[in-house]
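Q: structure here, sequence nowhere to be found:
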Ligand SMILES: C[S@@+](CC[C@H](N)C(=O)[O-])C[C@H]1O[C@@H](n2cnc3c(N)ncnc32)[C@H](O)[C@@H]1O
């Protein structure tokens, strides 16, 4: 038995000793490293719908309630939930769990979670850990300004690392050697990434639970409790999934479908998010998330295109009261109408590019202002539609041109077998964005053809009368 398998066995034995239930007749933990997915859970036989596959007692979860750390450093942790310290921001749920994880890790054999901690990752494929050359492959994508290594360093250095450095007698068992500040920082990064990719938002049994239209339960409580949930976090996930974690007295993982077959992977749901966000938070990418892909269009690009299309300058537009380029507003998001998974976790609706609601709304308002202030620029509805389409087409084409590679080049690269895992994921992210832009351009084209036909048809109808 190799080390990986031995660690899995030790973890499963420990899990049961903590009161965890695991249907070994139905499922098993499997080594999925050959497909870049670490450990996962696989069906050993066909599984019926609504079958409990495993259950985790709340006492096996690692969080501020179960770890001794919060009791040993009450001042630090009470503030986390009471707030209102005038001088310092209280630590949040995220920072609290990072501290708890650092503490449990440093306890070594003394931690009751040791066999669980042993199977958590020490390396990550999230872009936070990519080299400059690897990050270059993400140029032009929404991730260029979302990785935040520096701000995360600053936050950990000012809020997490000092707590460890100031209380060595609490964090280190007697006789163990202490880490330097930079070693604590890198441990904090490791635990931060673990929390990001593994922790669950824990719903209390008595919490204010609301059901969304699609039936997926959401909790509207502002202060959530984060926790590491052994076994539930062995589940990999996809946008199309077949299992669900129910938060009751215990946490129970149940099957959602009647057709889960022996050999199928049991997949959880991390949420509806673009490939870029899955990569940023979890360090992987699958084709099913591409339906949620997004592209950001900078506001300045829209103003520039509007100026060109109207023959006005950007300052003319500002002076007229066109406010598209407002610094406080976020960029425009281009995305599909993608629908939610059904109650079996299946994606049954086709994801379609239908409109750019916010962008079109603001463009319409801007054109109204221009028509009022300079009627000669927008003679009629047809001219207004032409300008709007020209602007939309221009910003989409500009965005497409901003990626260093073309969609065709990316498709060809994905055919190759000799590119690295990270490079492949970067291509999936940027190609997903380009495909979305191509769909947006096709939609605009179809719309323009439709409206031209309308304009051509109208006089004919009138002539017939
Ligand atoms: C909650 S853990 C799931 C268990 C994990 N595979 C392990 O071995 O510990 C989340 C991590 O699993 C991996 N993962 C989850 N779903 C995946 C999928 N569909 N394909 C590939 N990797 C996946 C990613 O590395 C992610 O950060």
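A: Happy to help now that I have it. A quick note: this is a predicted structure, and the numbers were derived from the prediction, not measured.
Q: use CA for all of it now, contacts and neighbours both
A: Will do.
Q: would you mind listing what in this protein touches the ligand?
A: Residues of the chain lying close to the ligand by Cα under 6 Å from any ligand atom are 36-40, 120, 197-198, 233-238, 282-284.
Q: lowest average confidence, helix or strand, in the protein?
A: strand 217-219 (a mean of 40; mean pLDDT, DSSP states H and E).
Q: so for this protein, the centremost residue is which one?
A: residue 277 (3.5 Å; Cα atoms, centre = their mean).
Q: which residues in the stretch 351-465 of the chain form helices?
A: Using DSSP state H, counting those that start in this stretch, the helices of the stretch 351-465 of the chain run over 357-373, 381-401, 407-415, 421-464.
Q: how about the stretch 151-300 of the chain?
A: Using DSSP H, counting those that start in this stretch, helices in the stretch 151-300 of the chain cover 161-166, 168-171, 181-198, 275-282, 299-310.
Q: what's the closest of the helices of the stretch 351-465 of the chain to residue 16?
A: Nearest of these to residue 16, taken as Cα to Cα: helix 421-464 at 34.7 Å.
Q: which other helices and strands contact that closest one?
A: Judged by 3 or more Cα pairs under 8 Å, 6 or more residues apart in numbering; DSSP states H and E, the packing partners of helix 421-464 are helix 275-282, strand 294-297, helix 381-401, helix 407-415.
Q: so where does the residue nearest to residue 187 when sequence neighbours are not counted fall, helix or strand?
A: Nearest residue to residue 187, sequence neighbours excluded (Cα to Cα, 6 or more residues apart in numbering): residue 102, at 7.1 Å. Assessed by DSSP states H and E, residue 102 sits inside helix 93-107.
Q: which residues touch the following helix or strand past that helix?
A: The element immediately downstream of helix 93-107 (helix or strand, assigned by DSSP H and E) is helix 114-117. Helix 114-117 is contacted by residues 7, 10, 11, 14, 104, 105, 108, 230 when judged by Cα atoms under 8 Å, 6 or more residues apart in numbering.
Q: coming back round to it: now, which of the residues of the chain next to the ligand lie within strands?
A: When the residues of the chain next to the ligand are checked against strands (DSSP state E), the matches are 39, 40, 236, 237.
Q: ok, these vs residue 406, which is closest?
A: Checking those against residue 406 by Cα to Cα gives residue 237 as the nearest, at 29.7 Å.
Q: mean pLDDT added to the helices of the stretch 151-300 of the chain, as a markdown table?
A: Output for the helices of the stretch 151-300 of the chain, formatted as a markdown table (pLDDT from 0 to 100):
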| stretch | mean pLDDT |
| --- | --- |
| helix 161-166 | 98 |
| helix 168-171 | 98 |
| helix 181-198 | 97 |
| helix 275-282 | 98 |
| helix 299-310 | 97 |
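Q: of all those helices, which lies closest to residue 247?
A: Nearest of the helices of the stretch 151-300 of the chain to residue 247, taken as Cα to Cα: helix 181-198 at 16.0 Å.
Q: tell me the buried residues in that closest one?
A: 184-185, 187-195, 197-198 (16 or more other Cα atoms under 10 Å).
Q: reformat the residues you listed as CSV; add distance to residue 428.
A: Shown next, in CSV, are the buried residues of helix 181-198 (distance: Cα to Cα, whole Å):
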residue, distance to residue 428
184, 34
185, 31
187, 30
188, 29
189, 26
190, 25
191, 27
192, 25
193, 22
194, 23
195, 25
197, 19
198, 23
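Q: out of the residues you listed, who's nearest residue 249?
A: Of all the buried residues of helix 181-198, residue 249 sits closest to residue 198, with 20.6 Å by Cα to Cα.
Q: contacting residues for whichever residue of the stretch 251-400 of the chain sits closest to the ligand?
A: Across the stretch 251-400 of the chain, the shortest distance to the ligand (Cα to the nearest ligand atom) belongs to residue 282, at 3.6 Å. Contacts for residue 282 (Cα under 8 Å, 6+ apart) come out as 125, 126, 196, 197.
Q: the spatially closest residue to residue 338 that is not a sequence neighbour: neighbouring residues, count only.
A: Of all residues not flanking residue 338 in the chain, residue 351 sits nearest, at 4.0 Å (Cα to Cα, 6+ apart). As a burial measure, residue 351 scores 16 neighbours (other Cα atoms under 10 Å).
Q: what do you get for residue 393?
A: For residue 393, the count of nearby residues is 19 (other Cα under 10 Å).
Q: which residue, other than its chain neighbours, is closest to it?
A: For residue 393, ignoring the flanking residues on the chain, the nearest one in space by Cα to Cα, 6+ apart is residue 441 at 6.5 Å.
Q: okay, that neighbour: pLDDT?
A: For residue 441, the model assigns a pLDDT of 98.
Q: and what of residue 224?
A: Per the predicted model, pLDDT is 69 at residue 224.
Q: repeat that for residue 91.
A: Reading off the confidence values, residue 91 has pLDDT 90.
Q: which residues in the stretch 1-150 of the chain form helices?
A: Using DSSP H, counting those that start in this stretch, helices in the stretch 1-150 of the chain cover 3-17, 69-72, 74-82, 93-107, 114-117, 132-136, 149-155.
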